[in-house]
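**Q** Below are the sequence and a predicted model; questions follow.
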Amino acid sequence: MDEKQIIGLHALLADVRKLLESKMKGRRFWLRAELSQVHFHKSGHCYLQLSETLNGRLIAQCRGNIWQNSLERIRKELGEDLRHVIKKGNEVLCLAGIEFTEQYGLVVIVHHIDLRFSLGSMEQRRQETLDRLHAGGLIQKNKQHVLPEVIQNIAIVGSPQTAGITDLIRQLETNAYGYFFRYQVFPCLMQGDKAAAEICGRLRELRDSRCELIALVRGGGSRLDLEVFNAWEIAREIALHPKPVFTGIGHETDVSVADLVAHTHHKTPTALGSYLVERALRFDTRIQGVHSQLASAALNLAGERRSLLHKGVNRLALATKQLISDERNALSVTAETVFSLPAARLQQGRGDLSRLLQLVRHRSEGRIGQSLSRNGQMLELIIGYSRQLTRKHEHYLQGVMDLLPAYYPRQIMNKGYGIPLLGGELLGDRSLTPGTQLDLALHNRTLTLTFIKENRGMEDRR
């Protein structure tokens with residue numbers, strides 16, 4: 001019987017190491033793999049479990065390491081996106097090499113991670129969510145809610161004590177017009193593995209609330225920070241929500257799926273708060289315009305009624321004078337007739353004359369009394385209506401006087417606006433030539449500026 005060829009494990013693995021080194025030593029390659037496990041060690045290294053699946057079945061896996069010096073370099077390159085890229089479940093594209101030792105076996109050594117690949121994966125997931133929303137007819141669903149004229153009851157969903165919520169609340173509480181808004185903060189995580197579930201939970205909690213608007217806000221971040229707002233669960237919850245949902249994610253350049261499916265989206269929480277204040281101001285302006293029209297119409301009506309009253313009094317006076325004159329004439333004729341009658345008819349004439357005088361007195365006093373009564377009632381009505389109009393105008397003028405200080409130039413400059421001056425006078429619409437020196441008056445100082453060029457057609461930036 002032939003002798004068995006026996007080899008030790010170390011010798012076997014040493015041969016494997018030599019074979020791999022002859023083929024792979026010093027080589028680096030771009031490797032795409034899923035991070036099935038991630039562990040940041042206190043030593044500064046990062047230990048990984050790399051894997052690959054096909055149709056949901058695991059077809060390959062091995063260990064991976066990111067040594068401390070490489071991890072520090074990657075952290076500088078990725079910045080805040082590091083926690084979004086190197087996390088369990090992500091697929092990454094990394095520049096790597098391999099090491100093989102008899103003690104630890106095969107290990108993939110990661111030297112660099114391609115952020116663009118991770119952003120591309122995020123964009124792919126974003127597009128998949130959008131396709132599902134379009135297929136279900138959900139993109140425009142929340143936009144169909146009709147907003148109230150003035151929004152005052154607001155539910156704010158976000159992470160408390162962050163810049164996003166602080167900026168929104170500051171806009172609502174310190175607006176220049178003194179408008180009052182009722183709001184309540186519903187805290188939840190806005191990033192991390194549990195963020196999507198918490199946001200959906202808060203939105204479901206607010207389905208039967210009495211709020212008029214839900215504001216979903218956060219205070220900015222990197223592009224990968226927006227990934228949670230591309231999640232299908234959040235987008236579907238917003239689309240089917242019975243309340244209008246506004247977003248203020250705090251990212252100037254990128255738009256998330258949550259922004260697209262929301263009723264209205266704003267780039268920042270500050271912009272969202274400004275919109276609510278300006279909407280209230282537009283309503284207030286319309287109400288003041290209607291009030292002015294009603295006041296003007298009331299004054300015109302009072303003037304017309306006063307003119308009719310004067311005409312009625314004049315006609316009544318003329319009619320009364322004419323009636324008295326007619327009765328006096330009739331009395332004179334009767335007296336002449338009486339004096340010309342024989343003595344036998346004198347007594348009868350006196351009786352007739354007495355009855356006639358009583359009739360004249362009764363008719364005159366009755367007509368004059370009725371006219372004076374009607375005129376007195378009309379005068380009392382006009383006087384009361386005039387006093388009511390006067391009180392309304394006094395309240396209106398007091399409100400205008402209270403609002404005027406907010407429009408003083410000094411108050412406007414306190415908000416951070418400046419007034420351009422040329423030669424000590426307001427710039428106005430005067431044209432400037434390059435190199436012209438002008439002053440910008442601020443709240444507590446004046447800046448001297450040099451005009452370079454004029455950009456026409458640019459939108460007002462707040």
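**A** It's in. Numbering: from 1, shown residues only.
**Q** what about stretch 79-91, how long is it end to end?
**A** 18 Å (C-alpha to C-alpha, to the nearest Å).
**Q** now swap in stretch 239-258 and tell me
**A** 9 Å.
**Q** so what strands line up beside the one helix or strand Q61 maps to?
**A** Here Q61 sits within strand 57-66, counting by DSSP states H and E. According to DSSP bridges, strand 57-66 forms sheet pairs with strand 46-54 (antiparallel), strand 105-113 (parallel).
**Q** What lies in contact with the strand or helix carrying K18?
**A** Counting by DSSP H and E, the element that carries K18 is helix 9-24. Helix 9-24 is contacted by residues 97-98, 100-102, 105-106 when judged by C-beta atoms under 8 Å, 6 or more residues apart in numbering. (Glycine included, C-beta is placed from N, CA and C.)
**Q** Tell me the buried residues in stretch 154-164?
**A** For stretch 154-164, the neighbour count (16 or more other C-beta atoms under 10 Å) marks 154-159, 162-164 as buried.
**Q** Kindly indicate which of these lies nearest L58.
**A** The closest of the buried residues of stretch 154-164 to L58 turns out to be S159 (C-beta to C-beta; 36.2 Å).
**Q** which residues does that closest one contact?
**A** By C-beta under 8 Å, 6+ apart, S159 lies in contact with 165, 187-190, 218.
**Q** L133 now?
**A** If you count contacts by C-beta under 8 Å, 6+ apart, then L133 has 139, 235-236, 239, 257, 261 around it.
**Q** can you tell me which of the residues you listed are in strands?
**A** Using DSSP state E, no member of those falls in strands.
**Q** from these, which two are the most distant?
**A** Counting by C-beta to C-beta, the most remote pair of those is I139 and R236, 11.2 Å apart.
**Q** and those two? which has more neighbours close in?
**A** R236 (19 against 15; other C-beta atoms under 10 Å).
**Q** how close does the more buried one sit to G136?
**A** Counting by C-beta to C-beta, to the nearest Å, the separation of R236 from G136 is 8 Å.
**Q** ok, now N153?
**A** On the measure of C-beta to C-beta, N153 and G136 end up 30 Å apart.
**Q** do K23 as well
**A** 51 Å.
**Q** And the two? Which one has more around it.
**A** Shown here are K23 and G136; by other C-beta under 10 Å, G136 has more neighbours (12 against 9).
**Q** got the contact list for that one?
**A** R236.
**Q** Next: Y275.
**A** Contacts of Y275 by C-beta under 8 Å, 6+ apart are 246, 264, 266.
**Q** most surrounded residue in those?
**A** That'd be F246 among the contacts of Y275, by other C-beta under 10 Å, with 24 neighbours.
**Q** hang on, the earlier thing: can you give the contact residues for the strand holding Q61?
**A** With C-beta under 8 Å, 6+ apart as the criterion, strand 57-66 contacts 33, 36, 45-53, 74, 86, 96, 104-110.
**Q** Check the average confidence over the helix or strand just after it, would you?
**A** Once the chain leaves strand 57-66, the next helix or strand it forms, by DSSP H and E, is helix 68-78. Helix 68-78 comes out with an average pLDDT of 89.
**Q** Send over helix 68-78 as PDB, restricted to the C-alpha atoms.
**A** Extracted in PDB, the C-alpha atoms of helix 68-78 (Å, rounded to 0.1, in the frame of the first residue of the first chain):
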ATOM      1  CA  GLN A  68      -7.300  53.000  10.800                       C
ATOM      2  CA  ASN A  69      -5.200  55.100   8.400                       C
ATOM      3  CA  SER A  70      -7.500  54.200   5.500                       C
ATOM      4  CA  LEU A  71     -10.600  54.800   7.600                       C
ATOM      5  CA  GLU A  72      -9.400  58.300   8.500                       C
ATOM      6  CA  ARG A  73      -8.700  59.100   4.900                       C
ATOM      7  CA  ILE A  74     -12.200  57.800   3.900                       C
ATOM      8  CA  ARG A  75     -13.800  59.800   6.700                       C
ATOM      9  CA  LYS A  76     -12.200  63.000   5.400                       C
ATOM     10  CA  GLU A  77     -13.400  62.200   1.800                       C
ATOM     11  CA  LEU A  78     -17.000  61.300   2.700                       C
END
